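Sharing a model prediction with you, sequence too.
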Amino acid sequence: NQLRITAIVAIGKIGLPARTAATPPLLQALQDPDPWVKLNATWALAEIGASTPLLAYWLEAIQHPDPELRSSAASVFQDSSSLLRKVFGSEASASTTVPLLAALKDEDSEVRSAAKTGLELLGTKALPGLIQALKAPEPIVRLEVTKLLGNMGVTAQSALPNLLQLLTDTGRYVPPSTS
């Protein structure tokens, strides 16, 4: 699949001029059983400006059992030149919070960072899920969610009672590996 994936990447780099001709085969690539093909097709469709929902495919990749695929999905999202963040902003909803909170526990720091960025982009849509996550069993999740809520400022004031409860939290934060 290396040639197919490389062709998909090349199409994505061509960008908007490729939209008309490339959209149908890239949409077909989203149905491919190879998760790498699907991830790259998701990126390329975002890059060419295709009008099709893509967020579910990225979320599938960021939750995949293959740690390399999760890391690659995170890299694509974190790339400042990628248009995938715009797709995220237009398609994300409060339900997007759940897979992103799960990704906060990932062993890979880039996956965790992409999850944090996604939660930040969700803003107040993520607030109910973030408040609930303050009770997560993992100290890393509670820590990262607390930071996110603090960065939201006054818009996160509904989290105050739950944040006050954390003042007695004795969970020990052990940083995950930095792979």
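Sure, I can see it. Numbering: from 1, shown residues only.

Can you list the buried residues in stretch 22-38?
Ala22, Thr23, Leu26, Ala29, Leu30, Asp32, Pro35, Trp36, Val37, Lys38 (16 or more other Cβ atoms under 10 Å). No exception for glycine: its C-beta is placed from N, CA and C like everyone else's.

again, but for stretch 116-129
Residues of stretch 116-129 classed as buried by neighbour count (16+ other Cβ under 10 Å): Lys116, Thr117, Gly118, Leu119, Leu121, Leu122, Lys125, Ala126, Leu127, Gly129.

and if you look at stretch 77-85?
Residues of stretch 77-85 classed as buried under the neighbour-count rule (16+ other Cβ under 10 Å) are Phe77, Ser82, Leu83, Leu84, Arg85.

try stretch 103-120
Going by neighbour count (16+ other Cβ under 10 Å), the buried part of stretch 103-120 is 103-106, 108, 110-119.

Select from those every entry located in helices.
Ala103, Glu110, Val111, Arg112, Ser113, Ala114, Ala115, Lys116, Thr117, Gly118, Leu119 (DSSP state H).

could you list every residue that touches the fifth one?
Taking Cβ atoms under 8 Å, 6 or more residues apart in numbering as the contact definition, Ser113 lies against Ala74, Gln78.

Check the offset of stretch 137-145 from the chain's centre.
Taking Cα atoms, centre = their mean, to the nearest Å, one finds stretch 137-145 lying 17 Å from the centre of the chain it belongs to.

just for the protein, where's the confidence low?
Scanning the chain for pLDDT under 70 picks out 173-179.

Could you dump the buried residues of stretch 22-38 into TSV with secondary structure and distance to Pro53 added?
TSV is the format used below for the buried residues of stretch 22-38 (DSSP: H, G, I helix; E, B strand; the rest coil; distance: Cβ to Cβ, whole Å):
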residue	secondary structure	distance to Pro53
Ala22	helix	17
Thr23	helix	13
Leu26	helix	13
Ala29	helix	15
Leu30	coil	10
Asp32	coil	17
Pro35	helix	18
Trp36	helix	20
Val37	helix	18
Lys38	helix	14
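
which among those gets closest to Arg142?
Within these, the smallest distance to Arg142 is 30.4 Å, found for Pro35 (Cβ to Cβ).

That closest one is in contact with Asp66, isn't it?
Yes: in this structure Pro35 lies within contact range of Asp66 using Cβ atoms under 8 Å: 6.9 Å.

circling back: would you check which pair of the ones in helices among the buried residues of stretch 103-120 lies furthest apart?
Farthest-apart pair in those is Glu110 and Leu119; separation 15.0 Å (Cβ to Cβ).
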